[in-house]
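In: this one's structure only:
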């Protein structure tokens, strides 16, 4: 069965379990109730998003902030 | 017709005319919950005693001085993220065991001030981070989910267990359940309804708003839960579709859409055009980039809120949420900032859209509700998509830009599952959005349809309640 349009939403390959464990420890995470697999998938997805966002040319556009009166 | 079947506007009219007391209305609603919630599983708590006292008090005041407004004496269910002083705010998680709210949320205060009778807490996906709402079934077909994260709100209103439920929307959590349950839901302009005292998912994308049966009911609730500088949300309700220009997106919103949903939404747009609205094609700018940015912001902010709590032994978090929050904790700050920079640009460009049109109209959700217990939505062409993205991707743009967005029911797929028409407006454009929603509900009867759960008491209930 085909997978719908997920390739661009999760493009990056997951890191190895050892690499991920190192990253998690660096982030202060030593206990994962569901094990590494789900976290590895989510991590790969967010890395893919990061790569896609980094490729955008946003010039000198500043970040949005909820304190901007335009938002209220 | 039983009192529990009344819309908010109808109940308010009956109470105001002295034909129905708040106590009678509440007892009817409580009876309905007792009769059908064993099958639907929308409620996590029913505060019957507290509500009965509030209804008696409201009734006495109405007899003495008349109603404060349309919500006076009307039962309202709250998503289990809103604090009510003295009660646990469970947020759908065992991680909240032992929690007790010490103060009311701002919305709780405003509803109580309007005389509403807060009678129950309804189920949310764990910490609102998901779109299935485990434990709650879709009243139209119990084999399907109600959507999420405000699945309890959508199911309770659809099953006539509450005329109104307050919900929240960070990535479609009001409009998704409204669409999947065949009811009406509004995600207001960012910041218009205060989030104080509501458990956050992602601060910069969280919105509080109502789910009810009709656009008119939504307008009445908005008048009660917004501040004094907000407009009168009922003022333009009866303006009709004529004179409004509807923008129909030429890209993104109809891509990878279930064919039945697309057909129903296009029928709804045609009906509004026949009712006098102008229709023109528009191309929402940068919309393809919203998804990765929205997901990045949501995960990073959620991970910041939860800190290391999900990663402590015995923390009580579900496995899926703990995994997502762990990954969110590893998102680089630069990715988060880049996502917020994109947001600045998308907001600026989207506002320009409303120089050409009054509202955008599109599907609320790309597919009908997923089957209960499945992680994917199945499309007729054989494709599958994760429930989260199928339910949320068309809702992300309005959360990301902060624009108001309404979902109104627009028919049923060949499987008998409801679909929703999404109406997106300019900042603080709720009066136009609600006007169009009301116009649609004047020319169609989708909002008056009720699921056939039956009214018999004592029907054997399947085990739908699940922990968390």
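Out: In hand now; what should we look at? It should be emphasised that the depicted structure is a prediction, and the values quoted were computed from it without experimental measurement.

In: Next, name the residue at the spatial heart of the chain.
Out: Picked chain A for this. In chain A, the C-alpha nearest the mean C-alpha coordinate belongs to residue A:46, at 1.4 Å (Cα atoms, centre = their mean).

In: actually chain B
Out: residue B:174 (2.1 Å).

In: Spit out the contact partners of that residue.
Out: The neighbourhood of residue B:174, defined by Cβ atoms under 8 Å, 6 or more residues apart in numbering or on different chains, consists of B:150, B:153, B:167-168, B:185-187, B:207, B:209-211, B:407. Where you see a C-beta, it was placed from the backbone N, CA and C, and this is true even at glycine.

In: So which of the residues you listed are in strands?
Out: Within the contacts of residue B:174, residues falling in strands by DSSP state E are B:167-168, B:185-187, B:207, B:209-211, B:407.

In: Tell me how many other residues surround the residue of the stretch 251-400 of chain B found nearest chain A.
Out: Nearest residue of the stretch 251-400 of chain B to chain A (Cβ to the nearest Cβ) works out as residue B:319 at 2.9 Å. By other Cβ atoms under 10 Å in any protein chain shown, 14 other residues sit near residue B:319.

In: How about it: what's its closest non-neighbour residue?
Out: residue A:34 (2.9 Å; Cβ to Cβ, 6 or more residues apart in numbering or on different chains).

In: how near is that neighbour to residue B:372?
Out: In this structure, residue A:34 and residue B:372 are 21 Å apart, going by Cβ to Cβ, to the nearest Å.

In: same check, this time on residue B:263
Out: Distance from residue B:263 to residue B:372, by Cβ to Cβ: 25 Å.

In: quick one on the thing from earlier: and the residue of the stretch 251-400 of chain B closest to chain A, what is it in contact with?
Out: By Cβ under 8 Å, 6+ apart, the neighbours of residue B:319 are A:33-35, A:38.

In: okay, those in a markdown table with secondary structure and distance to residue B:57 next?
Out: Output for the contacts of residue B:319, formatted as a markdown table (DSSP: H, G, I helix; E, B strand; the rest coil; distance: Cβ to Cβ, whole Å):
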| residue | secondary structure | distance to residue B:57 |
| --- | --- | --- |
| A:33 | coil | 45 |
| A:34 | coil | 47 |
| A:35 | coil | 52 |
| A:38 | helix | 49 |
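
In: ok, back up a step: neighbour count winner among residue B:263 and residue B:372?
Out: Applying other Cβ under 10 Å to residue B:263 and residue B:372 shows that residue B:372 carries more neighbours, namely 18 against 15.

In: follow-up on the earlier one: buried subset of the contacts of residue B:319?
Out: The neighbour count (16 or more other Cβ atoms under 10 Å in any protein chain shown) marks A:33-34, A:38 as buried among the contacts of residue B:319.

In: which residues in the chain form helices?
Out: Since no chain was named, I'll use chain A. A:17-26, A:36-54 (DSSP state H).

In: hm, I was asking about chain B
Out: B:8-16, B:22-40, B:48-65, B:106-113, B:151-158, B:175-181, B:215-225, B:259-274, B:290-306, B:319-329, B:333-353, B:387-392, B:396-401, B:430-443.

In: Can you verify my assumption that residue B:199 contacts residue B:127?
Out: Yes: look at residue B:199 against residue B:127 with Cβ atoms under 8 Å: they come within range, at 6.7 Å.

In: show me what contacts the closest residue to chain B within chain A?
Out: Going by Cβ to the nearest Cβ, chain B is nearest to residue A:34 of chain A, at 2.9 Å. By Cβ under 8 Å, 6+ apart, the residues touching residue A:34 are B:319-320, B:322-323.

In: Among the residues you listed, which pair sits farthest apart?
Out: Greatest spatial distance among the contacts of residue A:34 (Cβ to Cβ): B:320 and B:322, at 7.4 Å.

In: Give me the more crowded residue out of those two.
Out: For residue B:320 and residue B:322, the more surrounded residue by other Cβ under 10 Å is residue B:322, and the numbers stand at 26 against 18.

In: Please name the residues that touch that one.
Out: Neighbour list for residue B:322: A:32-34, B:310-311, B:315 [criterion: Cβ under 8 Å, 6+ apart].

In: low-scoring stretches of chain A, by residue?
Out: Along chain A, segments meeting pLDDT under 70 span A:1-14, A:67-72.

In: try 90 this time
Out: Residues of chain A meeting the criterion pLDDT under 90: A:1-21, A:23, A:26-28, A:30-35, A:65-72.

In: what does chain B give?
Out: In chain B, residues with pLDDT under 90: B:228, B:251, B:388, B:453-468.

In: residues touching residue B:287, list them.
Out: If you count contacts by Cβ under 8 Å, 6+ apart, then residue B:287 has B:249, B:251-253, B:346, B:397 around it.

In: top of these by neighbour count?
Out: That'd be residue B:397 among the contacts of residue B:287, by other Cβ under 10 Å, with 26 neighbours.

In: I figured that one hits residue B:362, correct?
Out: No: taking contacts as Cβ under 8 Å, residue B:397 lies outside contact range of residue B:362: 9.1 Å.

In: and for those two, which residues touch both?
Out: Common neighbours of residue B:397 and residue B:362, using Cβ under 8 Å, 6+ apart, are residue B:424.

In: Output the contacts of residue B:319 in JSON lines, with distance to residue B:115 appended to each entry.
Out: Shown next, in JSON lines, are these (distance: Cβ to Cβ, whole Å):
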{"residue": "A:33", "distance to residue B:115": "44"}
{"residue": "A:34", "distance to residue B:115": "45"}
{"residue": "A:35", "distance to residue B:115": "50"}
{"residue": "A:38", "distance to residue B:115": "46"}
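
In: Specify the residue positioned farthest from the middle of chain B.
Out: residue B:64 (35.0 Å).

In: Run a quick neighbour tally on residue A:58.
Out: Using other Cβ under 10 Å, residue A:58 has 13 neighbouring residues.

In: who touches it in this structure?
Out: Taking Cβ under 8 Å, 6+ apart as the test, what residue A:58 contacts is B:338, B:341-342, B:345.

In: Residue B:287 and residue B:253, how far apart?
Out: Residue B:287 is 8 Å from residue B:253, where distance means Cβ to Cβ.

In: one step back: closest to residue B:37 out of the helices of chain A?
Out: It's helix A:36-54; of the helices of chain A, that one is closest to residue B:37 (Cβ to Cβ) at 31.5 Å.
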